[in-house]
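Asker: Here is a sequence with its predicted model. Questions after.
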Amino acid sequence: MASSKATSHVPDNSVVERRLRPIYEWLDNGNNKKALQECEKVLKKTSNLQCAKALKALALLRLGKETECCTILDSLTLEKPSDDATLQAMTLCYRELQQLEKICRLYEQAVKIDHTNEELHTHLFMAYVRVSDFKSQQQAAMTLYKLKARNPYYCWVVMSIILQATRGPDSTNPQKRNLLLSLAERMINKFITDNKMEAEQEAQLYIMVLELQQKYEELLSVLEGPIGDRLNNCSISYSKLPYMVKLKQWNKVNLYCKSILVYSVDKWNIWKEYINSVFELMQSPPVVNNHGEPAENGQNDLETVDDTPEKSHEFICRLVENVTTDNGYLLRGPYLARFELCSKLMEKGIDTDLLGDTIELFIEYFRKFGHKPCCVSDLRTYLKLLDGEKKTELGSRLIKDVGISATSIPQSGPSDPYALLAAHVLYDLAQLTQSSEHIILALVLLDNLLNNSPSNFHAKLLSVRLYHTLGGGIGAQTMYESLDVKHLQLDSLGYIHCGRLPTTGLLNLATNLYDTTLKFFSSNYKDSSDHLTFSYKFGSFQKLDEFMDFRERLNNSLHYTTIAVDGIMLCLMQCTTSEALYNLDISPKDNKISWETLRDNHDLSVYQSWDPERALSPPEESEEIKLLFEQDVSFLKLRASIVWAMSAALDIVKSTDGTRNKNVELLKGVLKDWDTLEKDIKTTNYTPIKQNQVTLPLPSRLHGYLEVPYFKILGTLYQFFIHIAVEEVETSNGIVSDMKNTLDDMLNAIENRIESHGKSSDPLWLQRVIMERVVNITEVLSISCLLCLLCHNLMRPSQGKKTKRKSSDLKNRELLNDVVTELKQVSNRFDEILDDWNYQNVISELSDRLLLLNLSADGQTVLNNIRESRVQAVKSLKGILKSKSKFLSGLIV
Amino acid sequence: MTTLRPFTCDDMYKFNNVNLDPLTETYGLSFYMQYLAHWPEYFQVAESPSGEIMGYIMGKAEGHGENWHGHVTALTVSPGFRRLGLAAALMNFLEDVSEKKRAYFVDLFVRVSNRVAINMYTNLGYIIYRTVLEYYSGDPDEDAYDMRKACSRDEKLKSVIPLTHPVRPEDVE
């Protein structure tokens, strides 16, 4: 409802509503142009209708006219709007602009005008939620509760206090934290005493407060009392188990677990707690059994505590015997429990005789569950129970069991897993022999598999990896597309393809996938503040912490930041005019990269693996992956330096004399940091991560970066650029020869590399690495061209005031001409080198090998596919070089 | 070997092994987040001893009066963990929650071509309540079965008397 004061010259509500409706409709349909026209129309009739102005701002924003939108928003804010529709439209704008603080200010103003409006106060509360201002949240919720004593508002107050204790600035101060938590507890206690507790969510909040204070005794009594009944009668069964464990009530834990396991033999977490409790009980002095007599027979042994491995083993065995199939499926629970018991015994250095020969446990499990793919991951965890010799014995016994011999594999059952296994082995062979032949074989094999089982995603994932190993971006793209990767998978699986694409030289493909990826991240970050508000709305307080962590995880994704920076690099590479360069949005995440919080969100476990390394820990925790992360972050820092330097240089060109010096200092700072960074990284002497497992990613792009003299070339050019900017008289003549030498060295090296590649007996094996180098060289040349452009623009005599040409000007101009001429020559020469990059894609005896594998294909499709990747990449890179060369010609004066 | 626990946001980073299967849809983030915020108790994941995601179920409670019911929005089990009774365990959980919420019945939609799923649900006590015409868009559109199982609150089993005529998607809420 529009407040009459604020909108005095406006027709009554129904008229306003009728006029505004078409605007909303156009906006909903995404027709922002029409919406804007409609706004103008309405504003012509009623020029001070606030809501129409707010909607106009929204339409403008969606049309990409951010500045105009902000102007309207600013002037509207001064009018202190307080009607819901206007505020909503403005909220949408600020949300889109990611200026969430302004939403708070907006509603703070509004509630002052209309201080009894419950809805406005709710919006104010939610506005604080979006910016995680817990203290203001608490006040807003309290005001609401005083306005209308509804339970949810009270819960919002309590939750806001809890968050101050757990995530606010006071969370690091134990004393303040405790104070806040006990305040929250007192508030709930009062609530209970007043007999106001109604909903499940309120009880959950209570549990949360007690848990945070580690008051497990109280927790147990709450769960066993009337509130617990309410909780359990509602939807979630609150388990008492974790609290019993915390309180080390092993007797209770043991009996409680047994009572569950008898009915649900497949509950793994319960098994783990049960077996753990057995060993805890064994260590502690014997306690008098609460239930008096030990059990005489099996019937009531549910009431006795199992405090020895023997009793526990007996219990497990009874469940193994009695295990009835559930809907016809044999359940794994008790079988795996034996492994867990065995593992614990070994850990404690106790004899495992009671379980018999450990190897027999494996054999039995394999006979029962060997036909399930999960058998591998189940048993893998327990392989540590066998020593090297026993492992070998197990291997040969299993092979015999299945009926595999040197020349045959079992003919029955699905063959896909064998083909996948074979592809893995072929990759291992390729690594052993350092040759591409086996990888080609693996790709043909997988192709064959996919013809029969088109939905086997393991084969697709593997193909993507193998194609990238050989630099076959097009094949990888086809496979990647068939995986239909989307939404969050763009982050978790971004490493398999998206992150590799730029190294293949298929820049168009990279640009497209980058766009999709960046759109996902930015729109979801905006949405993520909504999710927090849902949590309050539905009272799912236990999810709030999780939602906030998730929001940060998404926003701190290393992949996201890398792609954001890389996307700018791609734009720079393809940029050919001053205008395009000036209009580039060049600050990745507004220059704010919080390096400490960056994290690797990659799901590496998606690749099936039978490698022994996987038995020890998940791939995410391996040393190699930690190293890769370090290298990737270093690479990103170097890339960010390139972008920041360019951004600073652009600021210098755009700035007037007054601020120019400040910007020059800024650029100098960036260059100094970049120099130090590159030196530091070089001294660290990173080695590429091992490639012995096909399931781990390819080496970091850092190594490819370090092979090309990025800083040596660009740093020199920037020095020249700074000389021109500050109009220093002395410009070293050496710059041209320095540049020439560095560029020539770079080109000679790649020329040799490409020449020997053509003569190599296995050119495919090297294609990926050489292509990555070629892309990097194109990149450094492109950016050098842009720098020449900036130098050129700096030297343009400023219009209006006719300064007398200084001699330094003339000299700089000459120097620039020389640099440009040199760069042009180098680009042309590189272009010619690429023309000569050719080799025969023939692998001798490939078809014989394929025949041996019973594969009828000749492998040509795969080979052509990889060749085509190179041809297309070279074509697109040559295109860039050509346009850059042309553009350099325009800079010579 | 099942550990059922509430699905968390981070599980979305690990569910590729389940979701890359073409029969499992990966939705936009907001879809999952809405379920997590609104019906966290109905969103459960089954985890293997080694910490992999074996499958998950997402559902909700909705409807008024005698139409108050639990709904299975998605149920999926990774290809590597099929035929181990996981789907049944997940369905049992959802039915338990619905019982506690005093729902009258539990329902779900399934493609009429998905014989495997239909058989499984039948084995779990679900009946084909009605056919929903062209419920799944695609080329061509496909009909859905609306399958139901009564909860204990529906003593007279009124919710599971099959309809004789198919309905249009717009007639289903």
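Answerer: The structure has been received and is ready for your questions. Numbers count the residues shown, from 1 in each chain, chains lettered A, B, ... in the order given.
Asker: Give the burial count for residue 45, as a bare number.
Answerer: No chain was given, so I picked chain A. 11 (other C-beta atoms under 10 Å in any protein chain shown). All C-beta spots, glycine's among them, are computed from the backbone N, C-alpha and C.
Asker: that answer is for a different chain, and I need it for chain B
Answerer: B:Val45 has 21 nearby residues by other C-beta under 10 Å.
Asker: before we move on, what about the one 3 residues further on?
Answerer: By other C-beta under 10 Å, 24 other residues sit near B:Ser48.
Asker: Hmm, B:Val112 and B:Asp141 touching each other?
Answerer: No. With contact defined as C-beta atoms under 8 Å, B:Asp141 and B:Val112 do not form a contacting pair (11.2 Å).
Asker: the more surrounded of these two?
Answerer: Applying other C-beta under 10 Å to B:Asp141 and B:Val112 shows that B:Val112 carries more neighbours, namely 15 against 11.
Asker: Distance check, that one against chain A.
Answerer: B:Val112 sits 20 Å away from chain A, going by C-beta to the nearest C-beta, to the nearest Å.
Asker: pLDDT score assigned to that residue?
Answerer: What the model reports as pLDDT for B:Val112 is 96.
Asker: How about A:Leu429?
Answerer: For A:Leu429, the predicted pLDDT is 95.
Asker: now swap in A:Val253 and tell me
Answerer: pLDDT recorded at A:Val253 is 94.
Asker: Please identify which helix or strand holds the nearest residue to it once chain neighbours are set aside.
Answerer: Once flanking residues are discounted, A:Val253 sits nearest to A:Ser277: 4.3 Å by C-beta to C-beta, 6 or more residues apart in numbering or on different chains. Counting by DSSP states H and E, the element that carries A:Ser277 is helix A:268-283.
Asker: That helix packs against which elements?
Answerer: helix A:241-246, helix A:250-261, helix A:309-322, helix A:333-347, strand B:3-6 (3 or more C-beta pairs under 8 Å, 6 or more residues apart in numbering or on different chains; DSSP states H and E).
Asker: Alpha carbons only: can I get whatever helix or strand comes next after the shortest one in PDB?
Answerer: Using DSSP H and E, the helix or strand that follows strand B:3-6 towards the C-terminus is helix B:16-19. What follows is helix B:16-19, C-alpha atoms only, in PDB (Å, rounded to 0.1, in the frame of the first residue of the first chain):
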ATOM      1  CA  ASN B  16      28.400 -36.900  -9.900                       C
ATOM      2  CA  ASN B  17      28.800 -40.700  -9.700                       C
ATOM      3  CA  VAL B  18      25.000 -40.900  -9.300                       C
ATOM      4  CA  ASN B  19      24.000 -37.900 -11.500                       C
END
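Asker: Mind checking the pLDDT average for helix B:16-19?
Answerer: pLDDT averaged over helix B:16-19 gives 96.
Asker: Say whether chain A is contacted by it.
Answerer: Yes. Helix B:16-19 reaches chain A (C-beta under 8 Å from any C-beta of the partner chain) through B:Asn16, B:Asn17, B:Asn19.
Asker: Hmm, the first one is touching A:Tyr607, no?
Answerer: No. No contact is recorded between B:Asn16 and A:Tyr607 when judged using C-beta under 8 Å, the distance being 9.9 Å.
Asker: per the record, what domains does the chain have?
Answerer: No chain in the question, so chain A it is. Domain ranges of chain A: A:1-131, A:555-799+A:806-846, per automatic domain parsing.
Asker: not quite, I wanted chain B
Answerer: B:1-103, B:105-173.
Asker: So what touches the helix holding A:Ser277?
Answerer: Applying C-beta atoms under 8 Å, 6 or more residues apart in numbering or on different chains, the contact partners of helix A:268-283 are A:241, A:245, A:248, A:250-251, A:253-254, A:257-258, A:260-261, A:264, A:305-309, A:311-312, A:333, A:336-337, A:340-341, A:344, A:348, B:1-3, B:5, B:47-49.
Asker: Swap in 6 Å and give it another go.
Answerer: Helix A:268-283 is contacted by residues A:250, A:253-254, A:257, A:260-261, A:306-308, A:312, A:337, A:340-341, A:344, B:1, B:3, B:49 when judged by C-beta atoms under 6 Å, 6 or more residues apart in numbering or on different chains.
Asker: Just the C-alphas of it, formatted as PDB.
Answerer: The C-alpha trace of helix A:268-283 is given here as PDB (Å, rounded to 0.1, in the frame of the first residue of the first chain):
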ATOM      1  CA  TRP A 268      27.000 -49.000   8.600                       C
ATOM      2  CA  ASN A 269      27.300 -46.000  11.000                       C
ATOM      3  CA  ILE A 270      25.600 -48.100  13.700                       C
ATOM      4  CA  TRP A 271      28.000 -51.000  13.100                       C
ATOM      5  CA  LYS A 272      31.000 -48.700  13.400                       C
ATOM      6  CA  GLU A 273      29.800 -47.300  16.700                       C
ATOM      7  CA  TYR A 274      28.900 -50.700  17.900                       C
ATOM      8  CA  ILE A 275      32.400 -52.200  17.200                       C
ATOM      9  CA  ASN A 276      34.100 -49.100  18.600                       C
ATOM     10  CA  SER A 277      32.100 -49.500  21.800                       C
ATOM     11  CA  VAL A 278      33.200 -53.100  22.200                       C
ATOM     12  CA  PHE A 279      36.800 -52.000  22.300                       C
ATOM     13  CA  GLU A 280      36.100 -49.100  24.600                       C
ATOM     14  CA  LEU A 281      34.300 -51.500  27.000                       C
ATOM     15  CA  MET A 282      37.100 -53.900  26.800                       C
ATOM     16  CA  GLN A 283      39.600 -51.300  28.000                       C
END
